[in-house]
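[1] quick one, fold the following:
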Amino acid sequence: MSRFEELFTQHVATAFARQLALADLIGECDWQLDLTEGVATFGEDLRYPVQLLGTESHGDGTWLWAWANTGSNLPAQVVHLSEWLRGYGDYAGVTELTEASFPLERADGARLALIASGLTGRCYYRGPYDGGAVFFHVEGLPPALIEPVSPERAFLVLGQVIQAFPVDHRAMLLAFLEQQGWSIGEDGPGLVVGHHPGGSEMRVEFDEQGRIERVSGQIQPA
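    From the prediction side, this is the model:
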């Protein structure tokens, strides 16, 4: 497993949970991005500072980091986060965070943004436009959006992540439960049991290939 894949597996579930929380907040609102002011507006009254991550080009099928997009004359104040990620990539040996551009087949914007969300504790937004999409992190959101999720949401996140992404199921689960504040018990390779501080329990059974085979448990009332 590459360092990029390790990072993605470690952070995808908690980052995905934040995306569900952001979707709860903004719903189907239209979006506008003002790079001069460095803010995004959703609908008529939701307005937040942003940090650009990068763009997908659907014409040539490539990703371009915001720090490398010198041709667009981006304001320096909106690329600080992408520059930080580049520095982290240098430190951790993650080439996908340090190379200016590469094919989407290698790593698309969603996977890159989920890693960035896991590393920074922010939510991201994908803004589609004709010929591509811009990805940016949204700052100044209500704190509840990045707090540990409810047990009900944790079960939902787990199911959606294993359907959407080819990850090491066990490694993803253990990272997610730890990040969300659950205590973890393991019974060999076939069973992981998570205990939420509120009393809920999650039991996850694995098949011989290490894939999640069955999820069960009990939810305690809040």
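[2] against S101, how distant is T55?
    Separation of T55 from S101 (CB to CB, to the nearest Å) stands at 10 Å. All C-beta spots, glycine's among them, are computed from the backbone N, C-alpha and C.
[3] these two: which is more packed in?
    Taking other CB atoms under 10 Å, T55 and S101 do not tie; T55 has more neighbours (22 against 14).
[4] dump the longest helix along the chain to CSV, restricted to CA.
    Determined from DSSP state H, the single longest helix within the chain is helix 3-26. Output of helix 3-26 as CSV, limited to C-alpha atoms (Å, rounded to 0.1, in the frame of the first residue of the first chain):
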residue,chain,number,x,y,z
ARG,A,3,1.7,6.3,1.5
PHE,A,4,-1.2,8.0,-0.4
GLU,A,5,-3.4,4.9,0.0
GLU,A,6,-2.5,4.7,3.7
LEU,A,7,-3.5,8.3,4.3
PHE,A,8,-6.7,7.9,2.4
THR,A,9,-7.6,4.8,4.3
GLN,A,10,-6.8,6.5,7.6
HIS,A,11,-8.9,9.6,6.9
VAL,A,12,-11.7,8.8,4.4
ALA,A,13,-14.4,7.8,6.9
THR,A,14,-14.2,10.8,9.2
ALA,A,15,-13.7,13.2,6.3
PHE,A,16,-16.8,11.6,4.6
ALA,A,17,-18.8,12.1,7.8
ARG,A,18,-17.9,15.8,7.6
GLN,A,19,-19.2,15.9,4.0
LEU,A,20,-22.5,14.5,5.0
ALA,A,21,-22.8,17.2,7.7
LEU,A,22,-21.9,19.9,5.2
ALA,A,23,-24.6,18.5,2.9
ASP,A,24,-27.1,18.7,5.8
LEU,A,25,-26.2,22.4,6.1
ILE,A,26,-26.2,23.7,2.6
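[5] and the lowest mean pLDDT element among the helices and strands of the chain?
    Least confident helix or strand of the chain, by mean pLDDT, DSSP states H and E, is strand 183-186 with a mean of 92.
[6] next one: whichever helix or strand comes after it to chain centre, how far?
    In the C-terminal direction, the helix or strand that comes right after strand 183-186 (DSSP states H and E) is strand 191-195. How far strand 191-195 lies from its chain's middle: 23 Å, per CA atoms, centre = their mean, to the nearest Å.
[7] quick check: angle from the following helix or strand past strand 191-195 to strand 191-195?
    The helix or strand immediately downstream of strand 191-195 is strand 201-206, counting by DSSP H and E. Between strand 201-206 and strand 191-195, the angle comes out at 160 degrees (axes from the mean of the first three to the mean of the last three CA atoms, to 10 degrees).
[8] quick one on the thing from earlier: any residues in contact with both of T55 and S101?
    Residues touching both T55 and S101 (CB atoms under 8 Å, 6 or more residues apart in numbering): W63, L64.
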